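Visitor: next input, structure requested:
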Amino acid sequence: MTKTLRALTGRLTAATLLCLVASPAFAELGLNMTEGVSSYSREVYWLHMLIFWICVAIGIVVFGAMFVAMIKHRKSRGHEPAKFTHNAKLEAVWTTIPFLILVAMAIPATKTLIAMERTGGFEMTVKVTGYQWKWGYDYVDKNISFISKLDADSNRVRQLGSGGDPYSVDHYLLNVDKPLVLPVDTKIRFLITSGDVIHSWWVPAFGWKRDAIPGYVNEAWTRIDRPGTYRGQCAELCGRGHAFMPIVIKAVSKDEFKQWVADQGGQEEAQGGGQQAVAQAEGSQAQNQEPSSASTGQAAGGPEEGQSGAGQSEDEASGEGADEGHQAAPGGDSEWTMEEAMERGKTVYTQQCAACHQPNGQGMPPAFPSLVDSQIVHGPVDGHLDRVVNGKPGTAMQPFGKMLPPEDIAAVVTYERNAWGIDSGDLVKPTDVKAKLGQ
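Guide: Numbers count the residues shown, from 1 in each chain. Take a look at the predicted model:
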């Protein structure tokens, strides 16, 4: 009798511990799924807890019956084993009950999945484009676009031989230079695609993730409940820089968001048609994407000019210049000097190109060729500019024409044609880039 009580006490203790682990408070310790900050993530969390408790109940019944049978009918008590081969009624019961449980679990799960796909009734649209290894964001209704990449501190410390301490960097490898700003209490539709290989946009607090596939547009939505900063990562192995393309969402009040839009020079427009936004996303991919590059193996291709590396550089010491490279030129082309172009070009090269072509321009042949000996760099300016603006389909060389402002492109081409002892004397101006872009 004493042994039986001890066994029952042990089962109750285990059940109590499971209850504690399943509580939301233990999510902070990593022992349970987090509830998230969107209306959809709460549904996912509720579904998770429902199935968890069903599993707990099944476990208690099954293991309880098993332990009772072992204790009460053990040989040491002189129990004689029954002699039978099967019991049709019992078999029907233990087949029917699990089937009904699965049906009961499938009903709320199906409702949740259907709700996940209902992107209608959105109040704003954000197009998300994955690049190796950064994210491009376009506020379709606001006329705002920018690139978000790994922050300078994380990028500096992550370099081999940097001597930096990852623990000294806040949110190491999970911080960016420019977060995606979104309003709370707003149904936001996302159009998710890729400019090179397959990526996956994943923010755990939203309760879902979506693949970013070249030439294809995935849809998703969220409604953020409360302001805050929420972080995520690319969840698809997209090349050697996969670990260096984090996602940061800054959720603010509607009034703060309107002010942010105004500060960015954007505009509040009436909600556009859904098909128009999808067409815009698909159209931008049609210009930059060839079928041969629509695979994650693309990174092995050999570019001949500056490859994006999520802002990687062994020479980058801090965040200085991270924002500077995306400011407009101080004046028109008449004020665009070689000194300014070289200084700015070095910053852009360090952020965008050095990871693949190396800070000294020597590259990593054969995947990432040297720029010092490149025929593109030593050839006509127009060919060099065309390669940077339009990229090279089928390789890891991306079209930077849609990622960087004309001033940055002009500066980096000027830098590459006059650095590392090349000294061509060529000065590329922003108007040259705009002409190439058809602006």
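
Visitor: list the buried ones in whichever strand or helix holds Gln259?
Guide: Per DSSP states H and E, Gln259 falls inside helix 254-263. In terms of neighbour count (16 or more other Cβ atoms under 10 Å), helix 254-263 has its buried residues at 257, 260-261. Quick note: C-beta positions are derived from backbone N, CA and C, even for glycine.

Visitor: now render these as CSV, adding pLDDT.
Guide: Listed next are these as CSV, based on pLDDT from 0 to 100:
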residue, pLDDT
Phe257, 94
Trp260, 93
Val261, 92
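
Visitor: poorly predicted segments of the stretch 1-150 of the chain, please.
Guide: 1-30 (pLDDT under 70).

Visitor: pretty sure Leu385 belongs to a strand, no?
Guide: No - Leu385: not assigned to a strand; according to DSSP: H, G, I helix; E, B strand; the rest coil it is helix.

Visitor: contacting residues for it?
Guide: Contact analysis of Leu385 by Cβ atoms under 8 Å, 6 or more residues apart in numbering lists 409, 413, 428, 432-433, 436.

Visitor: redo that, cut-off 6 Å
Guide: 413, 436 (Cβ atoms under 6 Å, 6 or more residues apart in numbering).

Visitor: report the separation between it and Val412.
Guide: To Val412, Leu385 is 10 Å away according to Cβ to Cβ, to the nearest Å.

Visitor: which strands and helices sit next to the helix holding Gln259?
Guide: strand 180-183 (3 or more Cβ pairs under 6 Å, 6 or more residues apart in numbering; DSSP states H and E).

Visitor: in CSV: the buried residues of helix 254-263, plus distance to Tyr230.
Guide: Formatted as CSV, the buried residues of helix 254-263 follow (distance: Cβ to Cβ, whole Å):
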residue, distance to Tyr230
Phe257, 15
Trp260, 16
Val261, 20
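
Visitor: closest to Leu150 among these?
Guide: Trp260 (22.0 Å; Cβ to Cβ).

Visitor: quick check: the closest one touching Pro183?
Guide: No - with contact defined as Cβ atoms under 6 Å, Trp260 does not reach Pro183; the gap is 9.0 Å.

Visitor: tally of neighbours for Gly215?
Guide: The tally of other residues near Gly215 (other Cβ atoms under 10 Å) stands at 16.

Visitor: so what does it look like in phi/psi?
Guide: Note on Gly215: its backbone torsions stand at phi 70, psi 10 [degrees, to the nearest 10].

Visitor: could you do Val203 as well?
Guide: Note on Val203: backbone dihedrals following degrees, to the nearest 10 are phi -120, psi 100.

Visitor: let me know the closest of the buried residues of helix 254-263 to Leu160.
Guide: Nearest to Leu160, judged by Cβ to Cβ, of the buried residues of helix 254-263 is Trp260 at 37.1 Å.

Visitor: and the pLDDT for the nearest residue in space to the closest one that is not next to it in sequence?
Guide: Closest residue in space to Trp260, ignoring its immediate chain neighbours: Val181 at 5.3 Å, by Cβ to Cβ, 6 or more residues apart in numbering. On pLDDT, Val181 comes in at 96.

Visitor: check Gln267 too.
Guide: 66.

Visitor: and if you look at Gly195?
Guide: 84.

Visitor: next one: the one 3 residues further on
Guide: Reading off the confidence values, Ile198 has pLDDT 94.

Visitor: test my guess that it contacts Ala235.
Guide: No - under the criterion of Cβ under 6 Å, Ile198 is not in contact with Ala235, lying 10.6 Å apart.

Visitor: ok, these two, which is more surrounded?
Guide: Ile198 (20 against 17).

Visitor: now the helices for the chain?
Guide: Assigned by DSSP state H, the helices in the chain fall at 2-22, 39-72, 88-117, 152-158, 254-263, 274-288, 338-352, 354-357, 375-378, 381-390, 406-416, 430-437.

Visitor: what's the angle from the longest one to helix 88-117?
Guide: Pointing back at helix 39-72 there. 160 degrees (axes from the mean of the first three to the mean of the last three Cα atoms, to 10 degrees).

Visitor: put the alpha carbons of stretch 73-85 into CSV.
Guide: Provided in CSV are the C-alpha atoms of stretch 73-85 (Å, rounded to 0.1, in the frame of the first residue of the first chain):
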residue,chain,number,x,y,z
HIS,A,73,-1.0,-7.2,-10.9
ARG,A,74,2.7,-7.9,-10.4
LYS,A,75,4.0,-11.5,-9.9
SER,A,76,5.3,-10.9,-6.4
ARG,A,77,1.7,-10.5,-5.2
GLY,A,78,0.8,-13.9,-6.7
HIS,A,79,-1.2,-12.5,-9.6
GLU,A,80,-1.8,-15.0,-12.3
PRO,A,81,-1.5,-13.6,-15.9
ALA,A,82,-4.6,-13.7,-18.0
LYS,A,83,-4.6,-16.0,-21.0
PHE,A,84,-6.2,-14.2,-24.0
THR,A,85,-5.1,-13.0,-27.5
